[in-house]
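> return atomic coordinates for the entry below.
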Amino acid sequence: MDRIKKILSNRLFLDINNEITELERDRIFCKHGIEHLASVARIMYINNLENGLGLDKELIYASALLHDIGRAEQYKNGTEHSIAGLEISKKILSMCGFSKDEIEIINSAIGSHNSNEECNNELSNLLKYADKKSRNCFLCLASAECYWSDEKKNKTIEY
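As a prediction, the model looks like this:
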């Protein structure tokens, strides 16, 4: 997990995540800080193991850690975060030693994680699933105001 350590200490990654934290300071709904990113990564990895998918642990963690990196751009100019984050994640992944093929796989997952359509690769589907399951809706004080339907909200802990 050496490359994951590099992501976690990457100045661009840290600066953007600090900016997201600041932009979400007054947000009443789910936030997109490191706690969320780590929860997504762990849920993805658990699912990978439970379902025998055989996906590389570093690809799982990299996609989870970078899937919301475009949030600051979304807040500032309205660009969908899953699209805004692609160039940023590509830059960070390159700096951290990921190959072009790995970057393409990870960015495919990041770029599609917010769509309602099922994807044709396991990493993308795993990211979409874990992103939703990471939310503790049953504890949320803003649950009544949330745009998620009651069917979509997590009523209990699964992972």
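> can you give me the helices in the protein?
Under the criterion DSSP state H, helices of the chain are mapped to 2-8, 11-23, 34-50, 57-66, 71-77, 81-95, 100-112, 122-133.
> winner for burial among those?
helix 57-66 (a mean of 24; mean count of other C-beta atoms under 10 Å). All C-beta spots, glycine's among them, are computed from the backbone N, C-alpha and C.
> give me the pLDDT for the residue nearest to Leu23 when sequence neighbours are not counted.
Using C-beta to C-beta, 6 or more residues apart in numbering and skipping the chain neighbours, the partner closest in space to Leu23 is Tyr75 (4.6 Å). In this prediction, Tyr75 carries a pLDDT score of 94.
> any regions of the chain where pLDDT drops low?
115-119, 137 (pLDDT under 70).
> show me the residue at the heart of it, geometrically.
Most central in the chain under C-alpha atoms, centre = their mean is His67, positioned 3.3 Å from the mean C-alpha point.
> these two touch, right, that residue and Ala41?
No. In this structure, His67 is not within contact of Ala41 by C-beta atoms under 8 Å, at 9.4 Å.
> how close does Leu127 get to Arg25?
26 Å (C-beta to C-beta, to the nearest Å).
> actually Ile34, sorry about that
15 Å.
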